[in-house]
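**Q** fold the following.
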Amino acid sequence: MSALRTQISAPAEAHAWPFVATGSSVADARLGGGLARGALHELYAEEGHHAGAAGFALLVSLCGDAAKPLIWVREDKGERGDGRLHAPGLAELGADPARIILVTGRDALSVLRAAAEIVGCGAVGAVVIEPWGKAPALDLTASRRLALAAARSGVLTLVLRAGATPSPSAATTRWRVGAAPSGPLAANAPGRPTFDISLLRHRSGIAGFDARVEWDRDARSFRDAAPHRVDVGTPLPGRVFAPAAVRTVAEFGRRAA
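**A** Next comes the predicted model:
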């Protein structure tokens with residue numbers, strides 16, 4: 001009975017849940033393996049990069065338990081303002097749309113109430129919570145409730161914020177996320193989805209840092225973004241390509257004038 005009382009009274013944070021790798025060698029080394037499951041993480045979108053931050057949240061969630069569903073909880077305003085998740089686009093990123101369950105609420109309070117119930121369910125792989133705008137209902141108390149529920153269930157919990165200023169919360173980590181230029185593939189084909197991520201705050205006091213990662217849909221994982229390379233093609237035998245003309249911005253301005 002004494003051992004049972006000790007187990008029940010132990011703080012939820014004491015559970016050693018596994019990590020979800022960010023794919024950045026720098027980030028994963030400093031974080032001890034990546035984003036901790038069973039924890040609350042905040043993702044703040046760079047101005048004008050809401051879609052990029054949403055894509056990153058989705059792809060991080062896919063790195064979790066593939067046998068469990070991903071629940072996305074958002075406000076009705078987000079549905080109307082930013083559009084719905086697009087199933088063909090999800091499939092193009094390597095996601096199974098059938099695994100994703102979308103839940104909408106009429107306001108931030110209803111979203112947070114639903115999210116707290118969902119996060120506490122261990123049958124869920126990951127939860128993305130997307131309140132609209134500043135969402136004053138998402139205060140320190142509400143974030144603490146989500147963090148405790150995640151610690152008990154082991155569910156990776158991400159709060160996606162756009163158009164909001166960071167405020168005190170119980171989140172384990174806080175990030176700024178935006179889309180980044182991707183390096184071209186062979187024959188100058190469009191590159192992989194690439195993101196700039198910056199650690200703004202860590203509950204354990206880890207110093208902030210910046211990283212750039214890209215998504216490999218075949219491996220279903222992130223990795224350090226490759227340096228940009230431009231494939232100009234292989235010259236055909238017996239042919240010589242004329243060098244490309246290079247003009248400065250000033251020269252283009254004079255020509256336009």
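**Q** all helices for the protein, in order.
**A** 2-9, 25-31, 50-62, 76-82, 87-92, 108-119, 140-153, 249-256 (DSSP state H).
**Q** return the shortest one as PDB; C-alpha atoms alone will do.
**A** It stands for helix 87-92. The C-alpha trace of helix 87-92 is given here as PDB (Å, rounded to 0.1, in the frame of the first residue of the first chain):
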ATOM      1  CA  ALA A  87      -6.700  15.300 -48.100                       C
ATOM      2  CA  PRO A  88      -4.800  15.100 -51.400                       C
ATOM      3  CA  GLY A  89      -2.200  17.500 -50.000                       C
ATOM      4  CA  LEU A  90      -1.900  15.400 -46.900                       C
ATOM      5  CA  ALA A  91      -1.300  12.300 -48.900                       C
ATOM      6  CA  GLU A  92       1.400  14.100 -51.000                       C
END
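**Q** list the buried residues of that helix.
**A** Across helix 87-92, burial judged by 16 or more other Cβ atoms under 10 Å covers Leu90. Yep, even glycine has a C-beta here, placed from its N, CA and C like the rest.
**Q** now stretch 186-193
**A** Buried residues in stretch 186-193 (16+ other Cβ under 10 Å): Gly191, Arg192, Pro193.
**Q** same check on stretch 22-32?
**A** For stretch 22-32, using 16+ other Cβ under 10 Å, the buried residues are Thr22, Gly23, Ser24, Ala27, Asp28, Leu31.
**Q** mean confidence score for it?
**A** The average pLDDT within stretch 22-32 is 91.
**Q** swap in stretch 48-55?
**A** 88.
**Q** now do stretch 179-186
**A** pLDDT averaged over stretch 179-186 gives 83.
**Q** and Ala207, how many neighbours?
**A** 7 (other Cβ atoms under 10 Å).
**Q** contacting residues around it?
**A** Residues near Ala207 by Cβ atoms under 8 Å, 6 or more residues apart in numbering: Arg30.
**Q** what sits against the residue nearest to Arg106 when sequence neighbours are not counted?
**A** Leaving aside its chain neighbours, Arg106 sits nearest to Asp76 (5.6 Å; criterion: Cβ to Cβ, 6 or more residues apart in numbering). The contact partners of Asp76, taken as Cβ under 8 Å, 6+ apart, are Thr104, Gly105, Arg106, Asp107.
**Q** pLDDT score assigned to Asp76?
**A** 87.
**Q** measure it to Leu138 for me?
**A** 16 Å (Cβ to Cβ, to the nearest Å).
**Q** now do Leu93
**A** For Leu93 relative to Leu138 (Cβ to Cβ), the value is 27 Å.
**Q** so the longest strand along the chain versus helix 50-62, what angle?
**A** Counting residues, the longest strand found in the chain (DSSP state E) is strand 194-202. Between the axes of strand 194-202 and helix 50-62, defined by axes from the mean of the first three to the mean of the last three Cα atoms, to 10 degrees, the angle is 80 degrees.
**Q** show me which residues of strand 194-202 are buried.
**A** Here strand 194-202 shows Thr194, Phe195, Asp196, Ile197, Ser198, Leu199, His202 as buried, counting by 16+ other Cβ under 10 Å.
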